[in-house]
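Asker: Test case, fold it:
(2 chains)
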Number of protein chains: 2
Amino acid sequence: MEECKPILNTGLRGVVIADTRICEVDGANGRLIYRGYLVQDLAEKATFEEVSFLLLYEKLPNKQELGAFKQQLAAERALPPEVIAAMKTRPKEALPMDVLQAVVPMLANHDPDIRDQSQAAVLRMATRLIAKFGSVIAAWHRIRNDQEPVEPSPDLDHAANFLYMLSGEIPDEEVARYLDKALVLHAEHSFNASTFAAREVASTRAHIYAAIAAAVGSLSGDLHGGANTRVMEMLYKIGSPENVKDYVNQEFDAGRVIFGLGHAVYDTDDPRADIVAEMSKAMENKTGKTRWYETSALLEKTGKAEFKRRKGSDIYVNVDFYSGSLYLSLGIPVDLFTPVFAVARISGWCAHVIEEQFAGAAPKPMLYRPESEYVGDYCGPDVCEFTPMDDR
Amino acid sequence: MEECKPILNTGLRGVVIADTRICEVDGANGRLIYRGYLVQDLAEKATFEEVSFLLLYEKLPNKQELGAFKQQLAAERALPPEVIAAMKTRPKEALPMDVLQAVVPMLANHDPDIRDQSQAAVLRMATRLIAKFGSVIAAWHRIRNDQEPVEPSPDLDHAANFLYMLSGEIPDEEVARYLDKALVLHAEHSFNASTFAAREVASTRAHIYAAIAAAVGSLSGDLHGGANTRVMEMLYKIGSPENVKDYVNQEFDAGRVIFGLGHAVYDTDDPRADIVAEMSKAMENKTGKTRWYETSALLEKTGKAEFKRRKGSDIYVNVDFYSGSLYLSLGIPVDLFTPVFAVARISGWCAHVIEEQFAGAAPKPMLYRPESEYVGDYCGPDVCEFTPMDDR
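Answerer: Below is the predicted model:
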């Protein structure tokens, strides 16, 4: 027996609950690996479609496989008109993640494979989900602005099509490439909270849509996918580089954190952060509006130095730190940052649902059903005697 | 350090991950306790409204508190017309649990407290969810049958109102009382898979609707809330008491299980099963259609004896075993059995979301983020070198 870590009320931190062939987060060395490949290599050399194929099918596609997969994705992008009709009933101020969470089980209503529990059927449903996630976000953004949703374009790649459906305009190639890279970087991250939610639901043999809707709910939390939005709100509050020093001192004095500095898993800079920072810098140079990258870069430098001075230890930036300024420069509204995270992570979630339901692991996979320790001492160590209404 | 149980790929069975003041499942002694009270006492002496108050507020309500709570519930039963409109876009063959999972985040769109993270706001949202769950199921059942949804009646108690909204007729008092009792028995069961899903999502500081939608997804799985439906399908297959013996032998010969026999947690008869069985018997005597209770009772007797003969050990009935025949005699269609389970369990889910987000436990609660062991040996112990497209 190995030594037990205490796990009561610690959110299962550090507790190894399953094996997986999908992803390794090597925090000590700052490495993130999808199905054997370093995320840096994938971001530089592969598209989101290739990476989605890799996550689902455990290998990089050859030309023919990629062509077929891209064709499937393009063919599945359009939303059923009944789903668009349902979205039009939603109040304009609805939180976009709530709209996404509602639409996922509605898509299940239109999927011809929904009662089929075979792996082939789940793979088809996964492909539809990956294809449609961007369409849902783009359609909702149009609807809430009193615009008709844009039909998907089969001639555009995944990232470019999303931007096209969002704005109605064919995006600049560089802009589309940067979004594609950001999607690759966010596609997978092992047993994070939203992925764990998807696996938990999938473990009851619920269908993939039910599991993915749970993951969307989990990602919507401020401690998880909401973090990139918090970073941007912080940058707005700071306003410009000259206010950075005061802001850092004020936050550390008050015992608060700088959003995007620090990560639960990495003991180095998040391997994705550098790539996002470079893209943010390049995009702001391209548009000539350099305020947010410059503010972020100074905030990183000042925050790290001040943390070291005060605590004597290092702190590192995570992937959310430069994502805010990047997404903004790509034309994505701040309240769609977390939904765009979902547009990327859907591929990882689907791979995990499939692994949860079909991995040939021994012992046989079973539903997640942890234990709790009852500390409800309402009547001391005994059970309570039922008190009739008149005696309460 | 205590001895470690192996927890890799075992669905966290037997692993104590948190303390709780809500519920104790004492499997060894066949006791189920909600906030200090035995479930038998609550089923016999308290209503679903009282038990929901107990779960949310940690005490049985006095007359005034119960009156106010019942008034709040009655006032919150109606669904926003925009949600009814969205439900009308759904195809009639949609799975009812998928419709429920879609409606929950839509209700969030209409909740004035949705951006308020205080405990008082979450309690108000919980009350609305408890009030509305039955309305969603009833409205969907009407809509799929081309009938207009029935407006809730403020004069009826919770269970009676649900049956009224389902059929459009004021139910018999005894029928309503049996449903009320069944709701009490299903209201809470500690860290079962759906409750754990709700807590997992709530731990990211997502709002209560996001967490409850995840729980609905988890409950929809065949290994969890789908079990009561499987029992009824099994009874239909058996057809009548004279076929029980052959069925039991045939299933055991094939190495299959009898649905509703055996439970992951109890080493005795499930304390709820007897109460459900009594109600099922009474209801069938009342209606004069005794086939399913009689078939179930003989199946329990034969299944237990045959299991003992073959395996030398005892097997016990769980709460699902007699729920099927009871629900059917109460006028609930088979494909709404699992949604009715949700109508009951919503109270427990809400109590757990509140405990997850507001319990003053030390150490401070944090989001669930377990670890996994990477076994993706795609390129041996090393990472894979990226293969250019032409070499794949």
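Asker: What does the pLDDT read for the residue in the stretch 1-150 of chain A positioned nearest to chain B?
Answerer: Per Cβ to the nearest Cβ, residue A:36 is where the stretch 1-150 of chain A lies closest to chain B, at 3.3 Å. In short, each C-beta sits where N, CA and C put it, glycine included. At residue A:36, the pLDDT value in this model is 97.
Asker: ok, now residue A:223?
Answerer: Note for residue A:223: predicted pLDDT of 88.
Asker: Would you mind confirming that it makes contact with residue B:205?
Answerer: Yes: using Cβ atoms under 8 Å, residue A:223 is in contact with residue B:205, at 5.0 Å.
Asker: Show me whatever sits in contact with both of these two.
Answerer: Common neighbours of residue A:223 and residue B:205, using Cβ atoms under 8 Å, 6 or more residues apart in numbering or on different chains, are residue B:367.
Asker: Is residue A:97 in contact with residue A:339, as I believe?
Answerer: Yes: shown here, residue A:97 and residue A:339 form a contact pair, counting by Cβ under 8 Å, at 6.1 Å.
Asker: domains for chain A, by residue range?
Answerer: Listed by automatic domain parsing, the domain ranges of chain A are A:23-226+A:334-358, A:227-328.
Asker: what residues does the stretch 101-250 of chain A put near chain B?
Answerer: For the stretch 101-250 of chain A, the contact set with chain B under Cβ under 8 Å from any Cβ of the partner chain comprises A:101-106, A:108-110, A:114, A:190-194, A:196-197, A:200-201, A:203-207, A:209-211, A:213-214, A:216-226.
Asker: Would you map the helices across the stretch 201-350 of chain A?
Answerer: Residue ranges of the helices in the stretch 201-350 of chain A, as given by DSSP state H, counting those that start in this stretch, are A:208-219, A:227-238, A:244-253, A:273-287, A:291-311, A:320-329, A:337-358.
Asker: Please produce a markdown table containing the domains of chain A, extended by mean neighbour count.
Answerer: Below are the domains of chain A laid out as a markdown table (neighbours: other Cβ atoms under 10 Å in any protein chain shown):
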| stretch | mean neighbour count |
| --- | --- |
| domain A:23-226+A:334-358 | 22 |
| domain A:227-328 | 19 |
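Asker: Rebuild these as CSV, extending it with distance to residue B:155.
Answerer: Below are those laid out as CSV (distance: least, Cβ to Cβ, whole Å):
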stretch, distance to residue B:155
domain A:23-226+A:334-358, 30
domain A:227-328, 45
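Asker: Comparing the ones you listed by mean pLDDT, which bottoms out?
Answerer: Lowest mean pLDDT within the domains of chain A: domain A:227-328, a mean of 93.
Asker: Straight-line length of it, end to end?
Answerer: Start to finish, the residues bounding domain A:227-328 are 15 Å apart (Cα to Cα, to the nearest Å).
Asker: Please apply the same query to stretch A:152-164.
Answerer: Where stretch A:152-164 begins and where it ends lie 8 Å apart, using Cα to Cα.
Asker: Which element, helix or strand, includes residue A:43?
Answerer: Assigned by DSSP states H and E, residue A:43 belongs to helix A:39-45.
Asker: tell me what the helix or strand following that helix is packed against?
Answerer: Sequence-wise, the next helix or strand downstream of helix A:39-45 (DSSP H and E) is helix A:48-57. Under the contact definition 3 or more Cβ pairs under 8 Å, 6 or more residues apart in numbering or on different chains; DSSP states H and E, helix A:48-57 sits against strand A:31-34, helix A:39-45, helix A:63-75, helix A:119-144, helix A:158-167, helix A:173-186, helix A:337-358.
Asker: Residue B:321 is nearest to which of the ones you listed?
Answerer: Relative to residue B:321, the nearest member of the helices and strands packed on helix A:48-57 by Cβ to Cβ is helix A:337-358, separated by 26.3 Å.
Asker: So that closest one, near chain B or not?
Answerer: No: for helix A:337-358, no contact with chain B is found by Cβ under 8 Å from any Cβ; the gap never falls below 9.5 Å.
Asker: Could you do stretch A:19-32 as well?
Answerer: Yes: Stretch A:19-32 comes into contact with chain B (Cβ under 8 Å from any Cβ), by way of A:19, A:20, A:21, A:22, A:23, A:24, A:31.
Asker: Then stretch A:374-389?
Answerer: Yes: under the criterion of Cβ under 8 Å from any Cβ, chain B is reached by stretch A:374-389 at A:374, A:375, A:376, A:378, A:379, A:383, A:384, A:386, A:387, A:388, A:389.
Asker: Enumerate every residue touching the last one.
Answerer: If I follow you right, that is residue A:389. Per Cβ under 8 Å, 6+ apart, neighbours of residue A:389: B:62, B:63, B:66.
Asker: Please apply the same query to the second one.
Answerer: Applying Cβ under 8 Å, 6+ apart, one finds that residue A:375 lies in contact with B:19, B:20, B:21.
Asker: ok, now residue A:111?
Answerer: By Cβ under 8 Å, 6+ apart, the residues touching residue A:111 are A:125, A:128, A:209.
Asker: Please apply the same query to residue A:283.
Answerer: A:175, A:178, A:293, A:326, A:329, A:330.
Asker: next one: residue A:269
Answerer: The contact partners of residue A:269, taken as Cβ under 8 Å, 6+ apart, are A:30, A:316, A:317.
Asker: Tabulate the residues you listed in CSV, adding columns for distance to residue B:13.
Answerer: Shown next, in CSV, are the contacts of residue A:269 (distance: Cβ to Cβ, whole Å):
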residue, distance to residue B:13
A:30, 34
A:316, 36
A:317, 39
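Asker: tell me which of those residues is nearest to residue B:306?
Answerer: Distance to residue B:306, by Cβ to Cβ, is smallest for residue A:30 among these, at 59.0 Å.
Asker: Identify the residue spatially nearest to that closest one, adjacent ones excluded.
Answerer: Ranked by Cβ to Cβ, 6 or more residues apart in numbering or on different chains and with sequence neighbours excluded, the top spatial neighbour of residue A:30 is residue A:268, at 3.5 Å.
Asker: and if you look at residue A:275?
Answerer: Spatial nearest neighbour of residue A:275, chain neighbours left out: residue A:43 (5.5 Å); criterion: Cβ to Cβ, 6+ apart.
Asker: just residue A:136 next, same as before
Answerer: If the residues on either side of it in the chain are set aside, residue A:136 comes closest to residue A:103, at 4.9 Å by Cβ to Cβ, 6+ apart.
Asker: Surely the one you found touches residue A:87?
Answerer: Yes: applying Cβ under 8 Å, one finds residue A:103 in contact with residue A:87, separated by 6.7 Å.
Asker: Return every residue with contacts to both of those two.
Answerer: Here residue A:103 and residue A:87 have A:136, A:140 as joint contacts, going by Cβ under 8 Å, 6+ apart.
Asker: how about the residues of stretch A:19-32 next to chain B in TSV, adding secondary structure?
Answerer: Below are the residues of stretch A:19-32 next to chain B laid out as TSV (DSSP: H, G, I helix; E, B strand; the rest coil):
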residue	secondary structure
A:19	strand
A:20	strand
A:21	coil
A:22	coil
A:23	strand
A:24	strand
A:31	strand
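Asker: which of those residues lies closest to residue A:73?
Answerer: Among those, residue A:22 lies closest to residue A:73 (Cβ to Cβ), at 19.8 Å.
Asker: ok, now how distant is the nearest residue to that closest one once chain neighbours are set aside from residue A:368?
Answerer: Excluding the flanking residues, the one nearest residue A:22 by Cβ to Cβ, 6+ apart is residue A:351, at 5.2 Å. Per Cβ to Cβ, to the nearest Å, residue A:351 is found 18 Å from residue A:368.
Asker: would you turn the contacts of residue A:111 into a markdown table with distance to residue B:242?
Answerer: Formatted as a markdown table, these follow (distance: Cβ to Cβ, whole Å):
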| residue | distance to residue B:242 |
| --- | --- |
| A:125 | 42 |
| A:128 | 47 |
| A:209 | 41 |
